[in-house]
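Asker: My questions are about this predicted structure, shown below with the sequence.
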Amino acid sequence: MPKIIATEEEWVRLGVAYFSTGGEEALVIEKMAKQLACSKSSFYWYFKNRESFIGKIIGYWQRQATELVIESVENNANAEQKIRALLAAMFADKSGNDFMFYIRRLGQREAAYGRVLQAIEQKRMDYMAALLQAKGYCERTSREKAELIYHCYLGWLERNKYTEVTELETMQQVELIYAQLLNAERG
C-alpha cells in the first residue's frame, strides 16, 4: 500500500483549525497526521520544527484574514463602498474562532509573536484609516476612528464567535457603526 503524504497546505490549514481552538498546545503532530491519513514524517518533510509550523500557520491566517480581505475590498469603486465592504467583511467573518486570542497569549510568552500580531492589527487599522482619509477625514480623526472601529470589531468577535449571526444582524451592526462613527462631521 502506498504511503499517503499530505501537502504542506493541508498541514497548514489543519494547523490553523487546531490553533484556533486550542493554541499551540493543540498542535499535536500525531493527532494531526492521523486526521490527514499520513505519517508523522510528512510533517517533517515540510517543517523543520513546531516553530516553523507555527510561523506558516500565522502567515496563512494573516493572508486569509487580512490580505485577501483587503484585496477583495479594493474591488469597490470608491472610499465609501470600500469602507462598507470592509465593515461587512469584518463583522461577518467569525471563522478565526480564538485564533487572535491564542496568538496574543503566545505573544505574551514569546515577544516575536506579539510583534507579529501587533503588525497585523496595525496593518488592519492603517488600511481603515487610509479609507477614512480618502472619504475626507483628517489623518488624526481617521486614525482615531479606525482604532475605535477595530476595538468594536474585537468586542463583536469575542461576543459572537460561538453564535450564529445572520447576514441581517451583521448588516445592522455595520449600519450602526457607520451611523455612529462615520456619519459624524468630518474633521
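Answerer: Okay, I see it. Numbering: from 1, shown residues only.
Asker: Show me what secondary structure element comes after the helix or strand residue 62 falls within.
Answerer: If you go by DSSP states H and E, residue 62 is part of helix 50-62. Past helix 50-62, further along toward the C-terminus, the next helix or strand under DSSP H and E is helix 68-73.
Asker: And that following helix, what does it pack against?
Answerer: The helices and strands touching helix 68-73, judged by 3 or more CB pairs under 8 Å, 6 or more residues apart in numbering; DSSP states H and E, are helix 79-92. No exception for glycine: its C-beta is placed from N, CA and C like everyone else's.
Asker: other SSEs contacting the host helix or strand of residue 120?
Answerer: Element membership for residue 120 (DSSP H and E) is helix 111-135. Counting contacts by 3+ CB pairs under 8 Å, 6+ apart, helix 111-135 is packed against helix 50-62, helix 79-92, helix 99-109, helix 139-160.
Asker: circling back: buried stuff in the helix holding residue 62?
Answerer: 53, 54, 56, 57, 58, 60, 61, 62 (16 or more other CB atoms under 10 Å).
Asker: the inter-axis angle of it versus helix 99-109?
Answerer: Interaxial angle of helix 50-62 relative to helix 99-109 (axes from the mean of the first three to the mean of the last three CA atoms, to 10 degrees): 140 degrees.
Asker: contacting residues around helix 50-62?
Answerer: Here helix 50-62 makes contact (CB atoms under 8 Å, 6 or more residues apart in numbering) with 8, 11-13, 15-16, 19, 24, 27, 29, 43, 46-47, 96, 99, 103, 106, 113, 116, 120.
Asker: can you pull the buried residues of the helix or strand hosting residue 31?
Answerer: For residue 31, the element it lies in under DSSP H and E is helix 29-35. For helix 29-35, burial by neighbour count (16+ other CB under 10 Å) applies to 29, 32, 33.
Asker: What of stretch 63-76?
Answerer: Buried positions in stretch 63-76, judged by neighbour count with 16+ other CB under 10 Å: 64, 65, 69, 70, 73.
Asker: Give me the most central residue, the protein.
Answerer: By CA atoms, centre = their mean, the mean C-alpha position of the chain lies nearest to residue 65, the distance being 3.5 Å.
Asker: quick one: pLDDT of that residue?
Answerer: pLDDT recorded at residue 65 is 92.
Asker: before we move on, what about residue 96?
Answerer: With respect to pLDDT, residue 96 scores 59.
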